[in-house]
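Novice: Below are the sequence and a predicted model; questions follow.
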Amino acid sequence: MAKNKFSRDLDKLMNQLRSTIDAETMHQLTEIRDHLVELNRKRLVKINHSVMQLLCAKHLIEQGYEVKSEHPLVGGQLIADLFAVRDREPELEHDIENVMISERLGLPVEKEALVVEIETGYVPPKAALYPTHYRQTRIAAKIARYCRYSHRFGLATPNYHVLQIPGILLKPPALRNMDEILQMKKECDLYYKSPPILLEALAMSEIDNIYIINVDHANVIQIPPNIYLDTILRAQGLLT
C-alpha cells in the first residue's frame, strides 16, 4: 500500500535527521514515528503537531531521556504529548511530593519523569472574541494537570507562536497571591470541569523549561520560562 502524505512527511524529516544522530536516537525516533503513523490511521493525530513531537523528542533523547509520544497517564484520563524518563538529576529533591509522583507513575525513585506538552496556538471558534484569555486558561490547566504526574513539566511551541503563560504561574509558588490563584481557578472552571482543576495544583505547579521548535531548520532551543517571557516582552517593546 502506498504511503499517505502523513507518513511521507515524517519519513522526509527522519531522513533529514539521520546524518545528525546516533543509532540509539534513530531507534527511539523510529518507534515514535511508527506510533504516530498508527495514531494517524485512527485520525487521532495531525502532521504539524507530530512533526514537532519528533523534533522535540530528538532533543530530549539527546539529553538522556527515553521518550514516548501520546503516552496515556492515569489510565488514559490524560495523554501526554511527550513522556520522558531518565535517571534522577541531583537537584531534583527527594521529597514526599516527588516520591508520590514516582508512585503514581510506577517509577523507581531513582528515575524522574518529564512531560512536555506542545502548544501550537489553536483557538476554537467559540473563543474567537477572547483568544488570549482562552490560551492562558488552557496553559494554566495543562500545567496544573500534568505536574501532578511528572517530576518536571515543559511547554514546547513553534518559533512563530507566542505562549500565553499566566503571569502567576511564572512566579515561584511561595510568591503567588491566593486571590490570583482563586481567580485562575475560577477561570479554569469555566472550561475544565471533568475533572476540575485542583486549587492546590495551581498553587504549587511550575514550568521547568520552554522548548522553541524551529521546524524549518529542524532544531529545538531550550530556555527557562522567565527568560522566554523576558525575551518576548522585549521583542514587543514592553521592556527596555
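Specialist: That came through fine.

Novice: contacting residues for the residue nearest the centre of the chain?
Specialist: Residue closest to the average C-alpha location in the chain (CA atoms, centre = their mean): Glu117, at 1.8 Å. By CB atoms under 8 Å, 6 or more residues apart in numbering, the contact set of Glu117 is 80-82, 142, 146, 153-156. (Each C-beta comes from the backbone N, C-alpha and C, glycine too.)

Novice: try 7 Å this time
Specialist: Residues near Glu117 by CB atoms under 7 Å, 6 or more residues apart in numbering: 81, 142, 146, 155.

Novice: Next, it: secondary structure please.
Specialist: On the three-state scheme (DSSP: H, G, I helix; E, B strand; the rest coil), Glu117 is labelled strand.

Novice: So what sits opposite it in the bridge?
Specialist: Going by DSSP bridges, Glu117 is paired in beta bridges with Leu155.

Novice: distance of it from Lys142?
Specialist: 5 Å (CB to CB, to the nearest Å).

Novice: quick one on the thing from earlier: any chance of the contacts of Glu117 in TSV with pLDDT, secondary structure and neighbour count as columns?
Specialist: TSV is the format used below for the contacts of Glu117 (pLDDT from 0 to 100; DSSP: H, G, I helix; E, B strand; the rest coil; neighbours: other CB atoms under 10 Å):
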residue	pLDDT	secondary structure	neighbour count
Asp81	98	strand	24
Lys142	94	helix	21
Tyr146	95	helix	23
Leu155	97	strand	24
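
Novice: Find the nearest non-adjacent residue to Asn159, please.
Specialist: Leaving aside its sequence neighbours, Asn159 sits nearest to Asn214 (CB to CB, 6 or more residues apart in numbering; 4.8 Å).

Novice: How about Glu187?
Specialist: Glu187 sits nearest to Thr137 (CB to CB, 6+ apart), 5.1 Å away.

Novice: isn't that neighbour right next to Asp189, touching?
Specialist: No - in terms of CB atoms under 7 Å, Thr137 does not count as a neighbour of Asp189; the distance is 9.6 Å.

Novice: quick one: which of these two has more around it?
Specialist: Thr137 (22 against 13; other CB atoms under 10 Å).

Novice: ok, the more buried one - contacts?
Specialist: Taking CB under 7 Å, 6+ apart as the test, what Thr137 contacts is 187-188, 191.

Novice: Now list the buried members of those residues.
Specialist: 187-188 (16 or more other CB atoms under 10 Å).

Novice: The contacts of Thr137 in helices, which ones?
Specialist: Judged by DSSP state H, helices contain the following of the contacts of Thr137: 187-188, 191.

Novice: Need the contact partners of the lowest-mean-pLDDT helix or strand in the chain.
Specialist: Here the helix or strand of the chain ranked lowest by mean pLDDT, DSSP states H and E is helix 225-235, holding a mean of 75. Applying CB under 7 Å, 6+ apart, the contact partners of helix 225-235 are 162, 165, 170, 207, 210, 239.

Novice: Could you list the buried residues of the longest helix along the chain?
Specialist: Secondary structure assigned by DSSP H gives helix 23-41 as the longest helix of the chain. Residues 25-26, 28-29, 32-33, 35-37, 39-40 are the ones in helix 23-41 that count as buried (16+ other CB under 10 Å).

Novice: ok, now stretch 67-74?
Specialist: Quick answer for stretch 67-74 (16+ other CB under 10 Å): 67-71, 73.

Novice: Over to stretch 50-63?
Specialist: Going by 16+ other CB under 10 Å, stretch 50-63 has these buried residues: 50-61.

Novice: Counting only helices, which of those residues make the cut?
Specialist: 50-61.

Novice: between those, which is nearest Val220?
Specialist: Relative to Val220, the closest of those is His59; by CB to CB it sits at 4.0 Å.

Novice: so what's the closest one up against?
Specialist: His59 touches 211, 220, 222, counting by CB under 7 Å, 6+ apart.
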